[in-house]
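Student: Structure of the sequence below:
(one chain, ligands or ions: 2)
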Amino acid sequence: MTSGPEHLERDFPMHVSVSEAREMLAALLPQRQTEMVVAKEALGRTLAADLAALVSHPSATESALDGIACRAADTQSVPSELRVVGESRAGVPFAGEVGTGECVRIYTGAPLPRGADAICPVEKLEEIDSARVRLLSPASTGDVRHEGGDFRAGEVVMQAGTWLSAPRLALATALGHAQLPVYQRLRVALLSTGDEVVEAGQPLQAGQVYDSNSVGLSAMLQEAGCEVLPLGHAPDQPEQLAQILAGAGGADVLLSSGGVSMGKYDFMRDLLLEGGKVSFWKVRMRPGGPAILGGWRGLPVFGLPGNPVSSLVVFHVIVRPALTGQPVQTLKLRAGTPFRSLPDKTAFWRANLVGGVVHDYGQQGSGILRSLSEAGALVVVPEGQRVQVGDDVDVILL
Ligand SMILES: Nc1nc2c(c(=O)[nH]1)N[C@H]1C(S)=C(S)[C@@H](COP(=O)(O)OP(=O)(O)OC[C@H]3O[C@@H](n4cnc5c(N)ncnc54)[C@H](O)[C@@H]3O)O[C@H]1N2
Ligand code: MOO
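Tutor: Ligands and ions are numbered 1, 2, ... in the order given. The predicted structure is shown next:
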């Protein structure tokens, strides 16, 4: 007869789908208050309100190039000659009006003078003398940036729920917001488990491994805008594990790695199965299948598998989207090598892009740590599918 923890009487689902796992984790997270944060310090946070532009961009109609501003109609037959009547530079606009046969020297970002509607870049100009230029090609109205052409004052440009990447922080600042309404950080307690796991910097005996998960996961949590409460490392002893978890007060959720699969010493699993509450155990994915979600004394606990590759993949496709509310972004790309999945598991293959085509990274074992850094992408193969060379596949960029 088969035995083991998989065959315990249970009141929770096993082998949930990746999207079910994500939704169940998100459902255990607390509703968060909002706060105002200086834009420079809001990297990775989530906007709690829509942001309308307080100003227009560009704030005035301006030149996109260094050259001269003139009337396009004057330059249709080339070469053409124009009289230079002044200069407009960023911050010091030309006060007059450009008339027929006239031009103004202008620089990128400088306001377009009245009367002018086109730009000719310096590369297409010859200086006849200090007051006259010859145009070697017609001036273009396309090199004028119109006031509000990017966004107009009052326009809602960023939506509540947007995750604040570096470019989005720059945009929020350009909209005129020095402080941003964001959700408070989730406080995530982080724990590594396993007798063989050793903190970096210590000597390593045969059979031991450095605690790479705590460093990788901590960095990914910070990128996701979370506050990390490091709980260090727990040995394979149930009492000590319970004691460490009891010290996670103040956390919104605990993220652990290791001790969730089928082994005798997988105590994170036992702690939740026997003394806690389980929302699900095992996800129909590879790598990452043994992940477990539950609670311990009211604290939501997500147990990642110990294998660093598995924990990275689970973090990417389940944990991060649940913590940030941002969907996993996928691209459709052409397969340059075959990929496949088992009938009951979505496969996430480490892969690389070569000339826009996606290739299998090579060794796919979840103990191959080099793949964490050397693979630039994950190819997603839904349950029970075979991908042939030339087929389109969903790809997540890492
Ligand atoms: N009989 C079965 N055995 C296993 C199954 C199964 O279904 N049946 N699942 C396998 C899969 S898939 C995975 S993934 C692993 C996950 O196991 P655990 O979550 O219990 O993880 P551990 O056994 O504690 O460790 C696995 C592996 O990862 C190394 N590790 C652990 N923590 C860290 C860390 N913080 N930093 C770096 N490396 C770490 C650990 O030394 C092990 O080599 O189970 C399979 N077994
Ligand atoms: O699926 Mo485990 O997560 O292979 O290593």
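Student: Show me which residues of the stretch 151-300 of the chain sit near ligand 1.
Tutor: Neighbours of ligand 1 within the stretch 151-300 of the chain, by CB under 6 Å from any ligand atom: 192, 194, 196-197, 209, 211-214, 257-263, 266, 287, 289-290. All C-beta atoms are positioned from the backbone trio N, CA, C, and that covers glycine.
Student: do that again at 5 Å, thanks
Tutor: Proximity of the stretch 151-300 of the chain to ligand 1, by CB under 5 Å from any ligand atom, involves residues 192, 194, 196-197, 209, 211-213, 258-262, 266, 289-290.
Student: ok, so of these, who is nearest ligand 2?
Tutor: Distance ranking of those against ligand 2, using CB to the nearest ligand atom, places Gly289 first at 4.5 Å.
Student: Help me confirm that that closest one comes into contact with Pro305.
Tutor: Yes - using CB atoms under 8 Å, Gly289 is in contact with Pro305, at 7.4 Å.
Student: which ones among the residues of the stretch 151-300 of the chain next to ligand 1 are found in strands?
Tutor: Ser192, Val197, Val209 (DSSP state E).
Student: from the residues you listed, which would you call buried?
Tutor: For those, a burial check counting by 16 or more other CB atoms under 10 Å picks out Ser192, Val197.
Student: For the ones in strands among the residues of the stretch 151-300 of the chain next to ligand 1, give me JSON lines that also has distance to Thr330 and pLDDT.
Tutor: As requested, those are arranged in JSON lines below (distance: CB to CB, whole Å; pLDDT from 0 to 100):
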{"residue": "Ser192", "distance to Thr330": "30", "pLDDT": "97"}
{"residue": "Val197", "distance to Thr330": "33", "pLDDT": "96"}
{"residue": "Val209", "distance to Thr330": "32", "pLDDT": "96"}
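Student: Turn the ones in strands among the residues of the stretch 151-300 of the chain next to ligand 1 into CSV, columns for distance to ligand 2.
Tutor: Converted to CSV, those look like this (distance: CB to the nearest ligand atom, whole Å):
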residue, distance to ligand 2
Ser192, 16
Val197, 16
Val209, 14
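Student: with the ones in strands among the residues of the stretch 151-300 of the chain next to ligand 1 in mind, which one is nearest to Thr346?
Tutor: Nearest to Thr346 among those, counting by CB to CB, is Ser192 at 26.0 Å.
Student: Next up, the contacts around the closest one.
Tutor: Asp211, Asn213, Ser214, Gly232, His233, Ala234, Ser256, Ser257, Gly258 (CB atoms under 8 Å, 6 or more residues apart in numbering).
Student: Same check on Leu333?
Tutor: Neighbour list for Leu333: Leu353, Gly356, Val357, Val358, Asp392, Val393, Val395 [criterion: CB under 8 Å, 6+ apart].
Student: cutoff 7 Å now
Tutor: Shown in contact with Leu333 (CB atoms under 7 Å, 6 or more residues apart in numbering): Gly356, Val357, Val358, Asp392, Val393, Val395.
Student: now the last one: how far from ligand 2?
Tutor: Put plainly, it is Val395. 20 Å (CB to the nearest ligand atom, to the nearest Å).
Student: wait, isn't that residue in contact with Val381?
Tutor: No - between Val395 and Val381 there is no contact under CB atoms under 7 Å: 10.7 Å.
Student: Other residues contacting stretch 245-253?
Tutor: Stretch 245-253 is touched from outside by 28-30, 186-189, 229, 231, 254, 296-297, 299-300, 302, with contacts defined as CB under 7 Å, 6+ apart.
Student: what do you get for stretch 143-156?
Tutor: Stretch 143-156 is contacted from outside by 50, 52-65, 112, 117-119, 157, using CB under 7 Å, 6+ apart.
Student: Recalculate using a threshold of 8 Å.
Tutor: For stretch 143-156, contacts defined as CB under 8 Å, 6+ apart pick out 50-65, 67, 112, 117-119, 121, 157, 175.
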